[in-house]
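Engineer: Pasting a predicted model and its sequence here:
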Amino acid sequence: MEDVKSRIEEIRLEIEAIDRELVPLIAKRIKLNGTLAPLKMAAGLEPHIPHRVKLVVERWMNLAVDQGINPELVRTLCEQIVAEGEKSQAEEMKILASK
């Protein structure tokens, strides 16, 4: 039984290590998305571009299928992350417009 508990703890530690890599990557993606704001403003574009979001979501779902995980789960995650990136862009555009 101690071997099982030990193995569970090992796996949990591995999951935590992945989380420590994953969350900073999500943060980096959102911050990078915010840097698009001045470029989109210059091009007369809005933060939300439906056809672009569709392409990104489809790409994520295809990656999920390739990895053998639920594409609907990945779709939901992607949509949340994209929405947060768009929010970041909108906030940055508001700041830039007020200058």
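Structural biologist: Happy to help now that I have it.
Engineer: which one's the longest helix in the chain?
Structural biologist: Ranked by residue count, the top helix of the chain under DSSP state H comes out as helix 2-34.
Engineer: which parts of it are buried?
Structural biologist: In terms of neighbour count (16 or more other CB atoms under 10 Å), helix 2-34 has its buried residues at 30, 33-34. For every residue, glycine as well, the C-beta is placed using N, CA and C.
Engineer: Could you export those residues as TSV, including distance to V4 and pLDDT?
Structural biologist: Supplementary listing: the buried residues of helix 2-34 in TSV, determined by distance: CB to CB, whole Å; pLDDT from 0 to 100:
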residue	distance to V4	pLDDT
I30	39	91
N33	43	89
G34	45	86
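Engineer: possible to save the residues you listed as a markdown table with distance to G44?
Structural biologist: Output for the buried residues of helix 2-34, formatted as a markdown table (distance: CB to CB, whole Å):
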| residue | distance to G44 |
| --- | --- |
| I30 | 23 |
| N33 | 18 |
| G34 | 18 |
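Engineer: residues in contact with the residue nearest to the spatial centre of the chain?
Structural biologist: Among the residues of the chain, I81 comes closest to the average C-alpha position under CA atoms, centre = their mean, at 3.8 Å. Contact criterion CB atoms under 8 Å, 6 or more residues apart in numbering gives 26, 29-30 as the residues in contact with I81.
Engineer: With adjacent residues omitted, what lies nearest to P38?
Structural biologist: L96 (5.9 Å; CB to CB, 6 or more residues apart in numbering).
Engineer: Please point out which parts of the one helix or strand that neighbour maps to sit buried.
Structural biologist: Element membership of L96 [criterion: DSSP states H and E] is helix 71-97. The neighbour-count criterion (16+ other CB under 10 Å) identifies 71, 74, 78, 81-82, 84-86, 88-90, 92-93 as the buried residues of helix 71-97.
Engineer: of these, closest to V53?
Structural biologist: Nearest to V53, judged by CB to CB, of the buried residues of helix 71-97 is V82 at 5.6 Å.
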